[in-house]
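**Q** what would the 3D arrangement of this be:
(chains A and B)
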Amino acid sequence: MQVSSTNSTSSIPVSSAGIQTNTTASRVVAPVVEKVDSKKLKKEFEGLMPRIVKIVNSFSKFKGEVPSIIINALGTGLIAPIFIKYNFLSKTDEDTRTYSAFRQPISAVLAVITQAGMLIPINKVLKGMHNKGEFTDSSEYRYNTDAFPDVEHIQNELKKTNPNTPKDELKKLAEEQYKRNVDKLVQHAIKTNSIPAKKLTGAGETEAISPEETHGVLKQVADEMLNGKNGINETLTRYQTEKPFYQIRRGEFLRENHEQVNKFLEDVLSDIQSNKSHNDIKKKINERIKQSEKAKDDEEFIKILKELKDQDNIQALKDKVYHVKAKCGAFSKCENIVDVTKIVHERIEVKANPLRKQKAVLERISQAIDEKKTIADIHDIAKDLHENKFVRDVIEKHIKNINSHGKGLNQITGLIISLAILPVTCTLLNYLYPRIMDVAFPNLSKKKQPKSDDYFVKVNGTIPLMNPEDSKRGGKL
Amino acid sequence: MTSISPILNSVVDYCIKKPTNRLARTRLLKNVCKSYESNALTAIAGWAIASVILKDGLGCYMYVKQSLNNKDIPDDKRKFVAALDLANGGLMIAAQILMFLTISHPKIQEKMFNKFFGKYFNRVAQKSYQAVIKHKEEFKNLTGKEFNVAYEKFHKNIKDTFGFFVTLMASTILAKRVIVPFISTPLADYTKQFLGKDKAEHKDGDKFETQAKK
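**A** Reported below is the predicted structural model:
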């Protein structure tokens, strides 16, 4: 592990992997400043969404471990016994089924007690280990997040010093601090040509991950941007295949039917201008869809109608109408499909060209990574990207990798803890279940004191003799 | 009075922190971490299924064994309790594997989400929300990128919540607490036969002996 400092360029080491050191410490990255109030924007989204999405969104507060345990316990304790006791398919007598059914709520209570008493505290200790950097990290196994505390951890830390600050306010502060931390890490990476492995000190000194690891993360990010899902290569392929196909089909339809489409669009526009409600206009479009489907109109026309219907508000509908009208206007001037194809290709080129430039920059970045250039050099090349946040993406990818290692570790530790708790839960259930049943349902557990003349016959008040019925069956004392 | 804190700290250190640190450097963990890092869904599902089989399998074995040997449970019910544990345990493993591969699988959840909520989050809807928001004075300068980041965050939150509750309702409540007990109760009539001869039916003398001792 190498040691680096954000304050001194002279101490920057030459890596064993050959990554060149940076001599231009003055190159700094401008922090990403959030201009938008994300909370307000979120509220705007909530307001625009349909009722069903609002309902799902309101449930988002109840996600998490504790609600999961509670719902699970309620299901075990209240629902499962019903399907055991009142099971009409079972040939076993109802008393036995009832007796067995009560095992479920007792087991649910025990599960909550053991999970709340052991699993949650142990998970907390493990989370603390990640946050405080208590793992002995190696390049293959990296779990410590002390250099990259997440929003939740920052929020918990802030809560300790600001106990009276409202939760929302704390979350906002934590999010801001998280962004500042990432900014610092990005600047640190550019200046020192390394990604920190431990928390930055006040002087900006810290241990760094190995140059091989740094190289690995840089390569991962460049590869994902180029060849990943929705990466530049995939988008460019789409521009060469699907996009022209669909757009030429739409263009040719609009060329041939621009009058019919325009007439309908004018109708919708006049409805909008006469202040008809969005729902009424939607109904009208819906009726037209049904008519067109019955009349087996061109599929493309039905598609346009559906796109208009799917607009969620009047403003969006208006924008869409103008958009289609403009397309109608452009394609109506075409004489044949060759002209349509030309227009479509020209339009696609307008979008594809900047992407090709981005691709060329990313290929230069990839080459620079292969040549073991410094992070600062790569950052310089990335300035030609649409948004220069390549180094930020690298830091965020590294954080994501560490978090995913944490998930993997939690999967196995969770299993081990559950296996360790199992004998405790089992023994407790085994001990408590019959005893609770004896006390609560003596009839079911048949622990009622039998009457002497029913079961035992006392001779001289001391020796119990066998019940005559058992004696007949050959039982012995 | 001695403080409990140093003792507790040592317990936490020796029983949790040190073993976890050792575990964290094993080859097993390396493989698990690799699957999580590359988001290999099949491998992740495989680890989860292996965990369920181990955990519930061992749990089932322990519950059945302890129930069968628990003299405090009445003789005539002991075997059914154990048989129900056996049927329940087996079906619970099967149900959870089935759920992992179906309703809880990220790909299936994605499809379900798109089926129920897709039209509210497709490109057309996104453009329409953007159009409305951009017309508001306070979001006049909102760039497309900023809108997309905030929108994707909102979209992800709804998707995660949907996934969480679908899994919880379908797997935890419907499969594990309704379907499994419903099938396992009649099945216990049959699993009873695997657990050996019934003392209550065949060894009346022994049964009475037990009762008498009490």
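**Q** for chain A, what are the low-confidence residue spans?
**A** Within chain A, the stretches with pLDDT under 70 are A:1-38, A:65, A:201-205, A:446-477.
**Q** once you drop chain neighbours, what's closest to the residue in it that chain B sits nearest to?
**A** Residue of chain A nearest chain B, by Cβ to the nearest Cβ: residue A:316 (2.9 Å). Where you see a C-beta, it was placed from the backbone N, CA and C, and this is true even at glycine. Of all residues not flanking residue A:316 in the chain, residue B:128 sits nearest, at 2.9 Å (Cβ to Cβ, 6 or more residues apart in numbering or on different chains).
**Q** wait, that neighbour touches residue A:311, no?
**A** Yes: applying Cβ atoms under 8 Å, one finds residue B:128 in contact with residue A:311, separated by 4.8 Å.
**Q** ok, residue 87 - contacts?
**A** Defaulting to chain A. Listed by Cβ atoms under 8 Å, 6 or more residues apart in numbering or on different chains, the contact set of residue A:87 reads A:97, B:181, B:182, B:185, B:186.
**Q** ah, I was thinking of chain B
**A** B:183, B:184, B:185, B:187, B:188, B:190, B:191.
**Q** now the second one: how far from residue A:192?
**A** Computed as Cβ to Cβ, to the nearest Å, the residue B:184 to residue A:192 distance reads 61 Å.
**Q** count the residues that sit near residue A:172.
**A** Neighbourhood size, residue A:172 [other Cβ atoms under 10 Å in any protein chain shown]: 16.
**Q** tally of neighbours for residue A:93?
**A** 12.
**Q** for chain B, which segments count as helices?
**A** For chain B, the helices defined by DSSP state H cover B:4-12, B:18-23, B:27-37, B:41-68, B:75-101, B:106-121, B:123-134, B:144-167, B:180-194, B:199-202, B:204-213.
**Q** so can I have TSV of the ones you listed showing mean pLDDT?
**A** Shown next, in TSV, are these (pLDDT from 0 to 100):
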stretch	mean pLDDT
helix B:4-12	85
helix B:18-23	92
helix B:27-37	89
helix B:41-68	87
helix B:75-101	90
helix B:106-121	88
helix B:123-134	82
helix B:144-167	85
helix B:180-194	88
helix B:199-202	46
helix B:204-213	41
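**Q** which residues touch residue B:92?
**A** With Cβ under 8 Å, 6+ apart, residue B:92 has these contacts: B:56, B:60, B:176, B:180.
**Q** farthest residue from the center of chain B?
**A** In chain B, counting by Cα atoms, centre = their mean, residue B:137 sits farthest out from the average C-alpha position, at 47.3 Å.
**Q** what distance do you get for it to residue A:370?
**A** From residue B:137 across to residue A:370, the span is 49 Å (Cβ to Cβ).
**Q** from residue A:276, how far out is residue A:283?
**A** In terms of Cβ to Cβ, residue A:283 sits 10 Å off from residue A:276.
**Q** circling back: please convert the buried members of the contacts of residue B:87 into PyMOL selection syntax.
**A** Buried residues among the contacts of residue B:87 (16 or more other Cβ atoms under 10 Å in any protein chain shown), as a PyMOL selection:
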select buried, chain B and resi 183+184+185+187+188+191
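**Q** now, which of the contacts of residue B:87 sits nearest chain A?
**A** residue B:185 (4.0 Å).
**Q** can you tell me the closest non-neighbouring residue to that closest one?
**A** Spatial nearest neighbour of residue B:185, excluding adjacent residues (Cβ to Cβ, 6+ apart): residue A:87 at 4.0 Å.
**Q** helix, strand, or coil at that neighbour?
**A** coil (DSSP: H, G, I helix; E, B strand; the rest coil).
**Q** so which of the helices of chain B is the most surrounded?
**A** Counting by mean count of other Cβ atoms under 10 Å in any protein chain shown, helix B:75-101 has the highest mean neighbour count of the helices of chain B, with a mean of 22.
**Q** so what's the gap between that one and the chain middle?
**A** The chain centroid and the centroid of helix B:75-101 are separated by 15 Å under Cα atoms, centre = their mean, to the nearest Å.
**Q** quick one, what contacts the residue of chain B at minimum distance from chain A?
**A** Nearest to chain A in chain B, going by Cβ to the nearest Cβ, is residue B:128, at a distance of 2.9 Å. By Cβ under 8 Å, 6+ apart, the contact set of residue B:128 is A:310, A:311, A:312, A:313, A:315, A:316, A:317, A:319, A:320.
**Q** at 7 Å what do you get?
**A** Each residue near residue B:128 by Cβ atoms under 7 Å, 6 or more residues apart in numbering or on different chains is listed here: A:311, A:312, A:313, A:316.
**Q** where does the last one sit, in terms of helix or strand?
**A** For residue A:316, the host element (DSSP states H and E) is helix A:314-332.
**Q** following that helix, which helix or strand comes up?
**A** helix A:337-370.
**Q** mind putting the contacts of residue B:87 into TSV with distance to residue A:271?
**A** Converted to TSV, those look like this (distance: Cβ to Cβ, whole Å):
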residue	distance to residue A:271
B:183	56
B:184	60
B:185	61
B:187	62
B:188	65
B:190	67
B:191	67
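**Q** which of the contacts of residue B:87 lies closest to residue B:116?
**A** Taking Cβ to Cβ as the measure, residue B:116 sits nearest to residue B:183 out of these, at 28.2 Å.
**Q** contacts only, for the residue lying closest to that closest one once chain neighbours are set aside.
**A** Nearest non-adjacent residue to residue B:183, counting by Cβ to Cβ, 6+ apart: residue B:91, 6.0 Å away. Going by Cβ under 7 Å, 6+ apart, residue B:91 touches B:180, B:183, B:184.
**Q** the same query, at a cut-off of 10 Å, please.
**A** B:56, B:60, B:175, B:176, B:179, B:180, B:181, B:182, B:183, B:184, B:187 (Cβ atoms under 10 Å, 6 or more residues apart in numbering or on different chains).
**Q** what's the local residue count around the fourth one?
**A** Counted by other Cβ under 10 Å, the residues lying close to residue B:176 total 22.
**Q** hmm, it is touching residue A:104, no?
**A** No: the pair residue B:176 / residue A:104 is not scored as a contact, 11.0 Å apart, by Cβ atoms under 10 Å.
**Q** find residues that contact each of those two.
**A** A:75, A:76, A:79, A:80, B:88.
**Q** and of the residues you listed, the nearest to residue A:175?
**A** Nearest member of those to residue A:175, counting by Cβ to Cβ, is residue A:75, at 34.9 Å.
**Q** that closest one against residue A:104, yeah?
**A** Yes: here residue A:75 lies in contact with residue A:104, judged by Cβ under 10 Å, at a distance of 9.4 Å.
**Q** need the residues touching each of those two.
**A** residue B:177.
**Q** which one's more surrounded, those two?
**A** Between residue A:75 and residue A:104, counting by other Cβ under 10 Å, residue A:104 is the more crowded of the two (24 against 20).
**Q** what's the helix or strand for the residue nearest to residue A:308 when sequence neighbours are not counted?
**A** Leaving aside its chain neighbours, residue A:308 sits nearest to residue A:285 (5.4 Å; criterion: Cβ to Cβ, 6+ apart). Assigned by DSSP H and E, residue A:285 falls within helix A:278-294.
**Q** show me the helices in the stretch 51-200 of chain A, by range?
**A** Taking DSSP state H, counting those that start in this stretch to define them, one finds helices in the stretch 51-200 of chain A at A:51-59, A:65-74, A:80-85, A:94-101, A:103-114, A:120-132, A:151-161, A:167-192.
**Q** quick one: the ones you listed as JSON lines, columns for distance to residue A:445 too.
**A** Output for the helices of the stretch 51-200 of chain A, formatted as JSON lines (distance: least, Cβ to Cβ, whole Å):
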{"stretch": "helix A:51-59", "distance to residue A:445": "41"}
{"stretch": "helix A:65-74", "distance to residue A:445": "24"}
{"stretch": "helix A:80-85", "distance to residue A:445": "15"}
{"stretch": "helix A:94-101", "distance to residue A:445": "7"}
{"stretch": "helix A:103-114", "distance to residue A:445": "12"}
{"stretch": "helix A:120-132", "distance to residue A:445": "33"}
{"stretch": "helix A:151-161", "distance to residue A:445": "47"}
{"stretch": "helix A:167-192", "distance to residue A:445": "48"}
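**Q** thanks a lot, catch you later.
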